[in-house]
Structure formats: C-alpha cells, structure tokens
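[1] Sequence and computational prediction follow.
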Amino acid sequence: MSSTWLEKQCPEPSARHDAAARARQAALTKPAGSLGVLETLAITLAALQATDRPRAEKAPIILFAGDHGVSAQGISAYPAAVTVEMLRNFASGGAAVAVLARQLGVPLTVIDVGTSAAEPIAGVVVDKRRPGTRDFTVEPAMTDEELDFALAAGRRAVEGAIPADLFLFGEMGIGNTTAAAAVAAALLARAPAEIAGAGTGLDADGIAHKVRIIETGLGRHDLAGAGTDPRRVLAAVGGFEIAALSGAIVAAAQAGCPVLVDGFIVTVAALAATRLNPSCEPWLIYAHRSAERGHGAVLDALAARPVLGLDLRLGEGSGAAVALSVLRLACALHNGMATFEEAAVSGRSPP
C-alpha cells in the first residue's frame, strides 16, 4: 500500500482574506486588540477558510481507537480491556466527548483502527488491519504495511466527513500515552523522563516504570537523536490510532480544512504529521495545554499557542470540543459586531 499521498502539498492560507479579516477587526466597535485571542482565532479561520465570514458550526469529531501491545508491560492504571469497553460507552453516548458532542450539536464518529474487539460494536466503524500493535519492547509495534493502512484510515475518515468547517480528532487506547511519549521523545530527541506522565493516573513509581519501558523501546529500535524519520518512529513505537490521527491531520489540511488539535496524544500525532508533511502546519489550531507532563514540550516544539489551559488530561477529543465553543464565539463576534461606521460610534481620537 502506497503512502505517497502524504507528500501532496497543502494549500496556503489566503493572504487576501487574512488582510480583510484584520481590517474588519480594526473597524469593529472596540479598542484594537481588546478581544485578544478571540480576534486572532477569527482572523486565522478567515484566512484558512478563504472567507470574509469564518465559521465553526460544521465541526465533526472523529475518534480513533486502538490497543497497544506494550500494555502487557503494566504501563497503565487500567487493564487493556477498557479500550473495547469504552468503545461501547462512546457508542451509547456515555463518554465525556459524547456528552460534549451532543451539547455542541456536532456528530461524533468512533473508528476502530486497531483494537482487540473480536466482533463489530454497534455504532463503531471498523477500519483495521490488526487487533492491536505489538509490544515495542520486543519488536516493532507495526509493519510498514500496517502503518500505511492506519495512516490511510485517517484519510478515509476525513474524506467521509467532508465538507466541514473544521475537524476535531480524538483517541482512545489503553497504553497510548506510553506510545505517544515514546514517539515524542524520539522525534524531539528528549529523554523519556521529560515526556512521560501519569496518563490514566499512575503514581510516581508507575511513571518511573513507564519511563524505563519507553527507554527500553527506544533503545531496542535505536531511535535516539533529532530528525528521526517519522515513519520509522511511528512503526517502531507508535499506535494505530496515533498513525490514523497523523494521516487524518494531513488529509484535512490537504483538503483545506482546519484542525482543532486536542491534548497530548493528538498533539504528538500533529508533530508526526508536520514531520511527514510540513505544509500542514498552518492548518493546525491548538485547543488546550493539558496537565499531561510532556504536552508542553510538544506544544513548544510546534510553536503552538493553545486556546485554553484547564488542566484537562482525559483525551477523547474532549479539550478540542470545549475549545470549539470559544471558536464559535470568536466567529460570532467577528461576523456580528457592528463597525464604528455602521453604529455611528466615534473612533479613536487622533494622537
């Protein structure tokens, strides 16, 4: 299976609409810059959507789920069976992101790209080649062919949800903070101890064990050093849902759809996506800075300025869903406020 589609250039944001949005913000009935990030969000969306009236209404949430062979090493506070159990919870509407999706009025699609579920689950899309990755302390997590399939699963999910104003992506998979931390440590040439955090709620001893497992995996696959090939890293220590997220991010950007990036795991997938296709970077808006230890390091590497900081660390796309409300308000203000001229309000006095 070929992954040459990943190399296709993403469109550039519209400079004309960026300038027009900046001019409109300067003309609205408020002191310049007084709405802070709400102004920059509206301008960013206007440029990405090539429109005078940015939108954040049609914003599907797509959640990718996968199991991880490294879970056999005891790196999670929860058993591996929870991944499949949570698939049923998503499908029945009981999970946090399902509640948020209902409240926001957006569709939630759950895709099994590599869980251990032996039978289809009602309400869950199945697009997988293998039920879980291999234990990366013993062997590569996936083959090159399996990586290509997972990357393409992300693209297929995006293609099935277009047209959209923007995309929100989430994830589920016991063990995936370990895989994401391993990917981030390799791509950023950082020590695992600087990246690995509590995940599902590990104590200090559990985090120390998690760090040792990541060190073992990185050493086995010789992944130390900056500039490591992102494909090699994803195949060696990644997860099917992380690869699908990276593929979805690139595909959304190629289609001219902004992505509201969720927490630690989705941000690591975004890091990998920007290494696979640097032209997707302008299309990423970062939802929040999570409480997971390594998230700040990955955000800093991406020069990201997150919208929110609420100490979230659930994943699932929940932080992106919360931030969507802010984007909607930013668009409403940009589109609905009167200009000084329209409101017959005097502008700023000359100096």
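    Great, that's in hand. Numbers count the residues shown, from 1 in each chain.
[2] Report the separation between the residue nearest to Gly294 when sequence neighbours are not counted and Arg293.
    Nearest residue to Gly294 in three dimensions, chain neighbours excluded: Ile195, at 3.4 Å (Cβ to Cβ, 6 or more residues apart in numbering). In this view, the C-beta of every residue, glycine as well, is placed from N, C-alpha and C. According to Cβ to Cβ, to the nearest Å, Ile195 stands 7 Å off from Arg293.
[3] Comparing the two, which shows the higher neighbour count?
    Taking neighbours as other Cβ atoms under 10 Å, Ile195 and Arg293 compare with Ile195 leading, 27 against 19.
[4] Hmm, Ala297 and the more buried one touching each other?
    Yes: if you go by Cβ atoms under 8 Å, Ile195 and Ala297 touch, sitting 6.2 Å apart.
[5] what about stretch 47-54, start to end distance?
    8 Å (Cα to Cα, to the nearest Å).
[6] any idea of the mean pLDDT for it?
    For stretch 47-54, the mean pLDDT works out to 98.
[7] what residue is smack in the middle of the chain?
    In the chain, the centroid-proximal residue (Cα atoms, centre = their mean) is Val266; its distance is 3.1 Å.
[8] my guess is that residue meets Gly317, correct?
    Yes: at 7.3 Å, Val266 counts as touching Gly317 under the criterion of Cβ under 8 Å.
[9] Could you tell me which residues touch both of those two?
    169-171 (Cβ atoms under 8 Å, 6 or more residues apart in numbering).
[10] Columns pLDDT and secondary structure on top of those, output as a markdown table?
    Shown next, in a markdown table, are the shared contacts of Val266 and Gly317 (pLDDT from 0 to 100; DSSP: H, G, I helix; E, B strand; the rest coil):
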| residue | pLDDT | secondary structure |
| --- | --- | --- |
| Phe169 | 98 | strand |
| Gly170 | 98 | strand |
| Glu171 | 98 | strand |
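[11] What's the PyMOL syntax to select whichever of those residues are buried?
    Typed into PyMOL, the line below selects the buried ones among these, using 16 or more other Cβ atoms under 10 Å:
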select buried, resi 169+170+171
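[12] Now the shared contacts of Val266 and Gly317 in CSV, please, with extra columns for distance to Leu188.
    Shown next, in CSV, are the shared contacts of Val266 and Gly317 (distance: Cβ to Cβ, whole Å):
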residue, distance to Leu188
Phe169, 21
Gly170, 23
Glu171, 20
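[13] ok, the shared contacts of Val266 and Gly317 vs Ala65, which is closest?
    The nearest member of these to Ala65, counting by Cβ to Cβ, is Glu171 at 7.0 Å.
[14] The closest one touches Leu63, doesn't it?
    Yes: between Glu171 and Leu63 there is a contact under Cβ under 8 Å: 6.5 Å.
[15] in the strand or helix carrying Met86, what's buried?
    Per DSSP states H and E: Met86 is located in helix 82-92. For helix 82-92, a neighbour-count test (16+ other Cβ under 10 Å) marks 82-84, 86-88, 90-91 as buried.
[16] Residues in contact with that helix: which ones?
    Outside of helix 82-92, the residues within contact range by Cβ under 8 Å, 6+ apart are 63, 65-67, 95, 97-98, 108, 110, 112, 115-117, 121-124, 172-174, 316.
[17] Let's see which of those residues end up in helices.
    Among the contacts of helix 82-92, the members falling in helices (DSSP state H) are 97-98.
[18] just the buried members of the contacts of helix 82-92?
    63, 65-67, 95, 97-98, 108, 110, 112, 115-117, 121, 124, 172-174, 316.
[19] What's the local residue count around Leu187?
    By the criterion of other Cβ under 10 Å, Leu187 has 23 neighbours.
[20] do the same with Glu159
    Around Glu159 sit 12 other residues, with neighbours defined as other Cβ under 10 Å.
[21] Show me what the one helix or strand it maps to is packed up against.
    Counting by DSSP H and E, the element that carries Glu159 is helix 144-161. Helix 144-161 sits against strand 61-66, strand 108-114, helix 230-237, helix 240-254, with contacts defined as 3 or more Cβ pairs under 8 Å, 6 or more residues apart in numbering; DSSP states H and E.
[22] To Leu41, which of the ones you listed lies closest?
    When the helices and strands packed on helix 144-161 are ranked by proximity to Leu41 (Cβ to Cβ), helix 240-254 comes first, at 17.5 Å.
[23] Remind me what that closest one packs against, helices and strands.
    With contacts taken as 3+ Cβ pairs under 8 Å, 6+ apart, helix 240-254 sits against strand 61-66, strand 108-114, helix 144-161, strand 167-172, helix 176-188, helix 230-237, strand 259-261, helix 264-276.
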